[in-house]
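Novice: missing the sequence, but the structure's below:
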């Protein structure tokens, strides 16, 4: 929300092309790298690896905001780079949802994963 309030629409519109590449190709590539490492190094199953990739790939808007605001950022980073990072971090969570859903579906095919998700769901309903 803060990103939407900080940038005028004309600035955001000028960044949509590069941001589109960042949140599609870049995020899918990062999710694939995380999933591959989780599978190869941690030895988790495919579903858990895809789920980890989908959860960890998007940049956090709060963290991004702290990096692109303030005097050091305005001195060290060009306005366009600060805008790209801010806008990308503001819209990538929603675009990561299909990766998270795909990982969840794959995890649910596993008996242990299904048990864990059903247990968490029951706990959430109980609370």
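Specialist: Received the coordinates, thanks. Quantities reported herein were computed from a predicted structural model and do not represent experimental measurements.

Novice: Residue 95 against residue 23, yeah?
Specialist: Yes - counting by C-beta atoms under 8 Å, residue 23 is a contact partner of residue 95 at 5.0 Å. For glycine as for every other residue, the C-beta is placed from the backbone atoms N, C-alpha and C.

Novice: Give me the more crowded residue out of the two.
Specialist: residue 23 (23 against 16; other C-beta atoms under 10 Å).

Novice: Can you give me the pLDDT of the more buried one?
Specialist: Note for residue 23: predicted pLDDT of 79.

Novice: Surely it is in contact with residue 92?
Specialist: Yes - using C-beta under 8 Å, residue 23 is in contact with residue 92, at 4.7 Å.

Novice: next one: phi and psi at the most centrally placed residue in the chain?
Specialist: Geometric centre of the chain, nearest residue: residue 58, 1.8 Å, by C-alpha atoms, centre = their mean. The phi/psi pair for residue 58 (degrees, to the nearest 10) reads phi -70, psi 140.

Novice: same check, this time on residue 77
Specialist: Per degrees, to the nearest 10, the backbone of residue 77 is at phi -110, psi 130.

Novice: cool, residue 57 as well?
Specialist: phi -70, psi -40.

Novice: Any idea which helix or strand in the chain has the lowest mean pLDDT?
Specialist: Counting by mean pLDDT, DSSP states H and E, the weakest-scoring helix or strand in the chain turns out to be helix 2-6, with a mean of 58.

Novice: okay, now residue 82: neighbour count?
Specialist: There are 19 residues near residue 82, going by other C-beta under 10 Å.

Novice: who's in contact with it?
Specialist: 68, 69, 73, 74 (C-beta atoms under 8 Å, 6 or more residues apart in numbering).
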